[in-house]
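K.L.:
I'd like to go over a predicted model; first the sequence, then the structure.
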Amino acid sequence: MFLNEPCTAAELSLSRLARLDSCQADFSERRAALLHRSISEDSRVKTPACLLLAGLLVGCGPTPSAPVDTVRPVKLYSVPAATAEGVRQFPGQLVASDEVDLSFRIAGHLKTLSVKQGQRVERGQSIAELDDADLRLRLRDREASYNLARAQYQRVATLNERQLVARAELDQRKAQLDSAEAALKLARQELGYARLEAPFAGVIAQVPVQNHQMLQPKQPVAILQSADTYDVQFQLPESLLERVDGASLRSDYQPIVRLARVPGRDFPAHYKEHSTRPDPATLSYTVTLTLERPRDVTLLPGMSATVEVDFAQLGRDAQAVLRVPVEAVFSADNSAPGLSQVWVVKGDGDALHVERREVKLGQPGTEGIQILSGLEPGERIVAAGTAELREGQRVRPWQRERGL
């Protein structure tokens, strides 16, 4: 009954609204699907284009630059011609020309000590004396024995002249006399040994004993050093020792000695001697010069000195040597033992480059280090900044800028 009843106006309006909403929802779903398909197709087209554009942008960027061969400024040094060995300076030390330990030959009690350290003494001056009481008694005993032996010999000699005694008796008395005479001389010498005198004029450097001390034979009582002349000792390397020979030195040549205590003054010296056994630590030889004591300057052994030797003035022909700045020489890990290296500059004009070369070194000096082999006069080398270079690197002469 209810199904066949007619619908009201309100019910018809609700039915229409429901159908309208259903149509709008279906339209929205179809529109969303179409939009998604359009975007997908568009993205498939645009993605390769974007990648192509990005590649073009990357390709248009700056290309990596090739390494530039830097031309480094260096200080050049032209190797001069070999010249004769000139003036060389060596550190030295002042020593006493004569130094002796004064001691007694016999044992005894020190009675008198007449000197002290630093005192100047003359030749023959008394240094010390022993207690000689026992020695004097011994001397008197030896004198008595000698007098008795002499008297007995004289009596036997008189009897022998009269042929009252045998010749053998005379010979025995003569032997006793000679023995007594020798004992007397020995006693007199021992008495003289109780007095210690200076063998030469000088200065007492040290007194290692005290007065009234019991001394043993040869125990030092005082150390005496000469004061009129001094020796200057310095070390000379093997390469120069053969040039210093007393037999071939000019007699008028005098090396110069400078003392740190007396700045600004030169003291001429004379060659005295040199050792032929090298120092085990330095492998150098000791050369000794003699220096007269200046009257206005007090000198003491142990003072430092500088010895200046002009090898061009020596008797033997001076050897010609090459010298370069010490800064130009360096050592590499692959260098042979005893060899160093330098950078030799090759080329002309602006096309300069460096080449590594091994050299053999000699002795250093005030004018540079000696080159025994590896370089020739006139060649150019790098004098500074060797650590910044590599084989074949281009270089140019360094010039000081204005204002520096």
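P.N.:
It's in.
K.L.:
need the contact list for the nearest residue to S275 once chain neighbours are set aside.
P.N.:
Leaving aside its sequence neighbours, S275 sits nearest to T286 (CB to CB, 6 or more residues apart in numbering; 4.5 Å). C-beta here means a position set from N, CA and C on the backbone, and glycine is covered the same way. With contact set as CB atoms under 8 Å, 6 or more residues apart in numbering, T286 has these partners: Q233, F234, Q235, L236, H274, S275, D279.
K.L.:
Would you format these as a markdown table with distance to V221 and neighbour count included?
P.N.:
As requested, the contacts of T286 are arranged in a markdown table below (distance: CB to CB, whole Å; neighbours: other CB atoms under 10 Å):
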| residue | distance to V221 | neighbour count |
| --- | --- | --- |
| Q233 | 27 | 18 |
| F234 | 32 | 21 |
| Q235 | 34 | 19 |
| L236 | 37 | 20 |
| H274 | 33 | 16 |
| S275 | 30 | 15 |
| D279 | 32 | 11 |
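K.L.:
how about these in TSV, adding pLDDT, secondary structure and distance to Y146?
P.N.:
What follows is these, written out as TSV (pLDDT from 0 to 100; DSSP: H, G, I helix; E, B strand; the rest coil; distance: CB to CB, whole Å):
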residue	pLDDT	secondary structure	distance to Y146
Q233	95	strand	52
F234	94	strand	57
Q235	92	strand	59
L236	87	strand	59
H274	87	strand	53
S275	88	coil	51
D279	87	coil	56
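K.L.:
Looking at these, which is nearest Y77?
P.N.:
Closest approach between the contacts of T286 and Y77, by CB to CB: L236, at 28.5 Å.
K.L.:
picking up where we left off before, part of a strand, is the residue nearest to S275?
P.N.:
Yes. Counting by DSSP: H, G, I helix; E, B strand; the rest coil, T286 is located in a strand.
K.L.:
quick one: K75 and A384 touch, right?
P.N.:
Yes. Here K75 reaches A384: they are 4.5 Å apart, a contact under CB atoms under 8 Å.
K.L.:
What about the residue lying closest to D228 once chain neighbours are set aside, how many residues nearby?
P.N.:
Excluding the flanking residues, the one nearest D228 by CB to CB, 6+ apart is R293, at 5.4 Å. Residues lying near R293 (other CB atoms under 10 Å) number 14.
K.L.:
Tell me where the stretch 151-300 of the chain has strands.
P.N.:
Using DSSP state E, counting those that start in this stretch, the strands found in the stretch 151-300 of the chain span residues 195-197, 202-206, 214-215, 220-226, 229-236, 256-259, 262-268, 270-274, 285-292.
K.L.:
What residues of the fourth one count as buried?
P.N.:
Which is strand 220-226. Across strand 220-226, burial judged by 16 or more other CB atoms under 10 Å covers V221, A222, I223, L224, Q225, S226.
K.L.:
what lines up beside it in the sheet?
P.N.:
Using DSSP bridges, strand 220-226 pairs in its sheet with strand 99-103 (antiparallel), strand 202-206 (antiparallel).
K.L.:
Give me the contact list for the last one.
P.N.:
Under the contact criterion CB under 8 Å, 6+ apart, strand 202-206 has outside partners 96, 98-99, 115-121, 127, 222-228, 301.
K.L.:
Counting neighbours, which bits of that strand end up buried?
P.N.:
Going by 16+ other CB under 10 Å, strand 202-206 has these buried residues: G202, V203, I204, A205.
K.L.:
before we move on, back to that, can you tell me which of the strands of the stretch 151-300 of the chain comes nearest to L389?
P.N.:
L389 sits nearest to strand 229-236 of all the strands of the stretch 151-300 of the chain, at 36.1 Å, using CB to CB.
K.L.:
Spell out which residues make up each domain of the chain.
P.N.:
For the chain, automatic domain parsing gives the domain ranges 74-84+320-397, 87-96+226-313, 99-223.
K.L.:
In this structure, what helix or strand scores lowest on average pLDDT?
P.N.:
Every helix and strand of the chain was ranked by mean pLDDT, DSSP states H and E. The lowest is helix 9-59, at a mean of 50.
K.L.:
and the next element down the chain from it?
P.N.:
Per DSSP states H and E, the first helix or strand lying C-terminal to helix 9-59 is strand 72-78.
K.L.:
middle-most residue in the protein, spatially?
P.N.:
Centroid-nearest residue in the chain: T282, 8.5 Å away (criterion: CA atoms, centre = their mean).
K.L.:
pretty sure that residue contacts L236?
P.N.:
No. Checked against CB under 8 Å, the pair T282 and L236 is beyond contact range at 10.2 Å.
K.L.:
could I get the strands of the stretch 151-300 of the chain as TSV with distance to K174?
P.N.:
What follows is the strands of the stretch 151-300 of the chain, written out as TSV (distance: least, CB to CB, whole Å):
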stretch	distance to K174
strand 195-197	34
strand 202-206	47
strand 214-215	39
strand 220-226	41
strand 229-236	51
strand 256-259	63
strand 262-268	63
strand 270-274	51
strand 285-292	54
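K.L.:
Mind checking those strands for the one nearest to P377?
P.N.:
Here strand 229-236 is closest among the strands of the stretch 151-300 of the chain (CB to CB), at 27.1 Å.
K.L.:
how far does the closest one sit from the chain's center?
P.N.:
Its chain's C-alpha centre and that of strand 229-236 lie 18 Å apart, by CA atoms, centre = their mean, to the nearest Å.
K.L.:
start the count at 51, not 1, going forward
P.N.:
Done: numbering now begins at 51, and the last item shifts to strand 279-286.
K.L.:
relative to strand 320-324, how tilted is that strand?
P.N.:
60 degrees (axes from the mean of the first three to the mean of the last three CA atoms, to 10 degrees).
K.L.:
helices or strands up against strand 279-286?
P.N.:
Other elements packing on strand 279-286 under the criterion 3 or more CB pairs under 8 Å, 6 or more residues apart in numbering; DSSP states H and E are strand 137-146, strand 335-342, strand 354-360.
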